[in-house]
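below are the sequence and a predicted model for it; my questions follow.
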Amino acid sequence: MEEPPEKKVLDALLEFITAKTLSGDTERKGTKELSPFQEHGIDSSPVVRSFLLQLCLKCDKKLALEHIKTFMAHKKPLLDCEDEVIEFSQLYMNCVQDVNLQRIHSSDKDIETALILRSIEILNENDESGGKTDFDIPSLDAFSNVRMAFGQVARVVSKYIENPDHIGQNRYMMQLILLANQFLQQTRHTAKEFLVREISNKYRADAVYEMKKYPCLVNLLPEELVKDETSIPDLFHISGKHYQVLKSQMIKGLIQNEFSELKDYLVNNPDQHEIVSVMLLALYNCLYLQTEIEVSPEGLSNLTTVMQEVKNIWYRFPKVQDLLNKMLQSNLGAFNSNDNQSQRDIEIKKIAFLIQSNSSSTQAQNGLLEFFQELVFTPENLLIKFLPTMPHDVTFEIITEMKKEITTYNVAPKFFLCPNNHVYTIGECTKPNGKGKCADCGTDIGGQSYGQLMQGNKLLEGEKDKTRTGYTEVVEGQTKEGTREMTPFEVSILQLLIHLGLLSASLDKLTGVSNLCQRPEQDIFNYLLGKINLGITAASKYVGKSQDEILFLVSSLAAEVSKWEGNKFDLLSHQSRVDWEREFVKKIKDFNNRLEPIRNDYDIAVE
């Protein structure tokens with residue numbers, strides 16, 4: 001075991017973490033102020049500050065803690081005010097938590113279970129600690145551990161919201177939720193606020209709304225949030241100012257039973273192409289989603305009359321008129337309102353409906369848009385096409401790439417099949433010479449003599465790309481992926497859009513979607529909801545963003561799909577799919593460059 005550094009070395013490092021003397025004893029400058037990364041908050045120079053502190057903790061924790069305790073007692077004059085004491089304490093807590101997490105992740109155990117079990121221990125150990133706010137080392141250690149435990153509580157709560165029946169059968173997760181309730185029974189308002197922020201920022205913004213539905217979760221919320229009836233931000237605001245106006249006019253019309261203002265806006269607006277899509281969104285929101293205003297039979301009748309009077313404006317969009325009639329007749333199938341659905345499911349339906357409305361209000365086009373229109377309106381046609389993000393024939397791709405290699409004999413390697421049809425290769429002279437074992441099944445491969453194959457082995461000739469057309473279920477960690485010119489994050493976002501498009505298609509083309517996905521019609525809606533929820537989780541992990549940020553990104557992309565015109569992609573070949581995916585990558589990179597102002601406009605709209 002390596003020897004820890006001497007006391008004077010640790011003292012020097014710890015002093016540098018908090019403040020650096022620049023000239024003499026009178027001119028001091030906080031180490032964080034030497035960093036170019038000040039905008040990143042408390043630990044503005046992670047390389048200088050966190051790394052050194054973690055290094056001290058890792059060398060010899062007992063010795064390091066003694067030095068840190070002494071240092072904090074005698075070096076507080078280096079810290080100009082109480083805020084800096086708090087800041088250094090938070091830095092220490094961050095590092096203690098990181099070191100503890102690193103130790104758990106470096107073990108050979110089931111990481112998820114290990115984190116939950118450790119969190120259970122922490123809450124049991126600290127249940128009687130009360131609300132102490134001392135800045136001594138034992139208190140800071142306790143704060144750090146409790147914070148780590150509540151990070152796991154937040155993760156488990158988000159999983160419970162997504163699948164209460166499944167999580168309810170996991171005794172460790174339920175024990176952690178029970179202990180969190182017991183821990184928070186005392187006056188620990190700050191801990192409840194931290195938990196809510198942790199869930200909302202890292203997992204889902206609708207957490208408060210959903211937690212109120214479950215007795216085992218509602219007591220984890222601060223009292224003012226339990227009583228708060230603030231509505232969830234409306235994702236449809238991503239569609240811009242026309243949506244805001246139409247939504248307001250429809251609500252006003254339902255209150256007053258008078259829709260002349262709405263009619264004038266629809267008839268006299270010069271931007272008919274854009275307004276028709278957001279009109280459908282506003283109508284869906286007012287009739288199916290909002291709960292502030294009751295839709296009376298008289299109000300619905302008057303609204304229907306106005307819509308029938310103006311619908312001929314959109315004669316070029318027969319799908320708009322069909323969708324309009326379905327909404328007014330409460331004939332949206334699974335898209336009808338449902339008291340038992342979660343807020344997350346509502347948001348997913350809204351994005352699917354956004355794709356439906358945009359596709360309905362756009363005439364047939366080429367480019368990427370053509371694929372999404374087929375997805376929504378003619379999913380049965382996709383059975384013979386190479387859908388983006390679906391798995392490639394990995395074996396064919398490997399063989400194709402390896403054939404580009406030239407051996408020392410100036411020939412490409414040859415490929416052979418074992419008796420069980422597993423592929424292997426022979427390089428150099430490319431002739432069998434010696435025996436081996438198949439890596440897949442263990443049968444004998446190679447040659448029984450030079451140039452003569454073992455019995456049952458054969459040369460692989462005329463190999464073809466066996467990439468399947470249509471839809472193939474991709475199971476993370478099980479489905480073999482070929483080379484693809486997209487990052488895993490880009491693949492996950494595109495798969496989300498595809499599943500959302502299929503969910504939208506189930507409104508009118510349930511049989512076509514069922515046949516494409518090879519799932520019974522009665523199961524297809526829940527199947528697609530499940531795939532979308534899994535996709536949101538996967539995408540958030542790839543880039544370290546919250547699931548709600550992923551939802552916002554996908555809804556923003558869905559709002560732009562109708563503008564994705566361009567070259568034609570018939571998707572009748574593997575190469576055509578590759579070309580389509582390249583074009584999608586260009587679109588998403590361009591979109592990312594514009595994401596910040598889009599987000600700002602949305603935030604202003606929902607306020």
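Looks like it arrived, so ask away.

ok, M402 touching V423?
No. Contact criterion CB atoms under 8 Å: M402 and V423 do not qualify, at 10.2 Å. Every residue, glycine included, has its C-beta placed from N, CA and C.

now for these two: what residues contact both?
F415 (CB atoms under 8 Å, 6 or more residues apart in numbering).

out of these two, which sits in the busier spot?
Per other CB atoms under 10 Å, whichever of M402 and V423 has more neighbours is V423, with 17 against 14.

and that one, backbone torsions?
Main-chain torsions, V423, degrees, to the nearest 10: phi -80, psi 140.

P413 too?
The phi/psi pair for P413 (degrees, to the nearest 10) is phi -60, psi 150.

by mean pLDDT, which helix or strand of this structure comes out lowest?
When the helices and strands of the chain are scored by mean pLDDT, DSSP states H and E, strand 27-30 comes last with a mean of 44.

and the most centrally placed residue in the chain, what's its pLDDT?
Centroid-nearest residue in the chain, with CA atoms, centre = their mean: S540, separated by 2.9 Å. pLDDT, S540: 86.

measure it to I550 for me?
Distance, S540 to I550, using CB to CB, to the nearest Å: 5 Å.

longest helix in the chain, by number of residues?
The helix that spans the most residues within the chain, counting by DSSP state H, is helix 574-606.

give me the mean pLDDT for it.
89.

ok now that helix, how far from the chain's centre?
15 Å (CA atoms, centre = their mean, to the nearest Å).

then stretch 158-172?
19 Å.

what is the end-to-end distance of that stretch?
Criterion CA to CA, to the nearest Å; first-to-last residue distance in stretch 158-172 is 15 Å.

what does stretch 321-338 give?
Stretch 321-338 end-to-end distance (CA to CA) = 24 Å.

buried residues in that stretch?
Q321, L323, L324, M327, L328, L332, A334, F335 (16 or more other CB atoms under 10 Å).

JSON lines for those, including pLDDT?
Below are the buried residues of stretch 321-338 laid out as JSON lines (pLDDT from 0 to 100):
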{"residue": "Q321", "pLDDT": "89"}
{"residue": "L323", "pLDDT": "91"}
{"residue": "L324", "pLDDT": "91"}
{"residue": "M327", "pLDDT": "91"}
{"residue": "L328", "pLDDT": "89"}
{"residue": "L332", "pLDDT": "87"}
{"residue": "A334", "pLDDT": "81"}
{"residue": "F335", "pLDDT": "85"}
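
of all the residues you listed, which two lie farthest apart?
Maximum pairwise distance among the buried residues of stretch 321-338 (CB to CB): 21.4 Å, between Q321 and A334.

for the residue lying farthest from the centre of the chain, give its distance to K458.
Distance to the chain centre peaks in the chain at S449, reaching 55.8 Å (criterion: CA atoms, centre = their mean). Separation of S449 from K458 (CB to CB) stands at 16 Å.

ditto for Q152
To K458, Q152 is 55 Å away according to CB to CB.

for I293, same thing?
73 Å.

likewise L387?
Noted for L387: a distance of 33 Å to K458, by CB to CB.

re earlier: where helices are concerned, which of the buried residues of stretch 321-338 count?
Q321, L323, L324, M327, L328.

distance to N340 added to the residues you listed, as JSON lines?
Converted to JSON lines, those look like this (distance: CB to CB, whole Å):
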{"residue": "Q321", "distance to N340": "31"}
{"residue": "L323", "distance to N340": "25"}
{"residue": "L324", "distance to N340": "27"}
{"residue": "M327", "distance to N340": "21"}
{"residue": "L328", "distance to N340": "24"}
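
between those residues, which is closest to R204?
Lowest distance from R204 to those (CB to CB) belongs to M327, with 27.6 Å.

right, and that closest one touches N285 too?
No. Using CB under 8 Å as the test, M327 is too far from N285 to be in contact (10.5 Å).

quick one: common contacting residues for those two?
Contacts common to M327 and N285, judged by CB under 8 Å, 6+ apart, are absent.

if I've got this straight, F416 is in a helix?
No. Assigned with DSSP: H, G, I helix; E, B strand; the rest coil, F416 falls outside any helix and is strand.

give the contact list for it.
By CB under 8 Å, 6+ apart, F416 lies in contact with V423, Y424, T425, I426, P432, I445, L453, N457, K458, L459, L460.

gap between it and S504?
47 Å.
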